[in-house]
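Participant: Give the three-dimensional model of this entry:
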Amino acid sequence: MNQTDSDLKKYPTIGVCGLECGLCPRYYTSGTSRCPGCGGPKFLNKHPSCSFLTCCVKKNNFEVCADCPNFPCSKFRSEIEIQDFEGSSSYPPYKKIMLNLNYIKEQGIENYIDAQKRRIRLLVKLLQDFDDGRSKSFFCKAVALLDIKSIEDSLNKTFQKIKPDKIMSTDIKIRAKILKNILNENALRNGILLTKK
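Facilitator: Residues are numbered from 1 along each chain as shown. Below is the predicted model of the structure:
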């Protein structure tokens, strides 16, 4: 079957390999460097061939690797390789690929997508109201790695701080700094490092 970009995958916000494409900074980039997500519109024009996509989608008509009866196969790295990659990767959602795929295998992709949509809505809110032009990657990382309640609590705490201090929506750098500090505090309490030391 000769597939086109429009019929590769139903859910481009989740990669066939478990990456959370819908939480990646490139997914929210404007212009030609924007990534459409895994199997999204014009994906084949932007990305080189991916062995996961070829095997999972093109050969077997699965949405994600978790749909395959042979998951996890040898395409997935060992735990040691994953830890080594995590240390060097600038893309933190890689840390959750196996968690994502195991969740999909156990709970179904629709349940996963529902939870991911909540994260995406939070991320869009952070980017619209708090991105100072230098915080997109930080916010993507925070939303990908923190639990939803921590993100919501951080956002509420930020609004509680900026309202009485009368910090205007035009004071985007101050707003971004407050939110980033609160997200960092929540992350550190949970053993998550959002910024490099």
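Participant: C-alpha from now on. contacts and neighbour counts both.
Facilitator: Will do.
Participant: From the centroid of this structure, which residue is nearest?
Facilitator: The centroid of the chain falls nearest to residue 23 when counting by CA atoms, centre = their mean (2.5 Å).
Participant: For this protein, which segments count as helices?
Facilitator: Secondary structure of the chain, counting by DSSP state H: helices at 43-46, 51-53, 79-88, 97-107, 109-130, 136-145, 148-162, 172-189.
Participant: Nearest to residue 12, out of the ones you listed?
Facilitator: The closest of those to residue 12 is helix 43-46. By CA to CA, the value is 9.4 Å.
Participant: Go through that closest one and flag the buried ones.
Facilitator: 43-44 (16 or more other CA atoms under 10 Å).
Participant: So what's the gap between that helix and the chain middle?
Facilitator: 19 Å (CA atoms, centre = their mean, to the nearest Å).
Participant: The residue nearest to the centre of the chain touches residue 140, doesn't it?
Facilitator: Yes. Applying CA atoms under 8 Å, one finds residue 23 in contact with residue 140, separated by 5.5 Å.
Participant: so what sits against both of those two?
Facilitator: Common contacts of residue 23 and residue 140, defined by CA atoms under 8 Å, 6 or more residues apart in numbering, comprise residue 123.
Participant: By mean pLDDT, flag the weakest helix or strand of the protein.
Facilitator: Of the helices and strands making up the chain, the lowest-confidence element is helix 79-88, at a mean of 48, by mean pLDDT, DSSP states H and E.
Participant: Contacts only, for residue 18.
Facilitator: 64-65, 94, 96-98, 100-101.
Participant: burial count for the nearest residue to residue 138 once chain neighbours are set aside?
Facilitator: Of all residues not flanking residue 138 in the chain, residue 194 sits nearest, at 7.1 Å (CA to CA, 6 or more residues apart in numbering). By other CA atoms under 10 Å, the residues close to residue 194 number 20.
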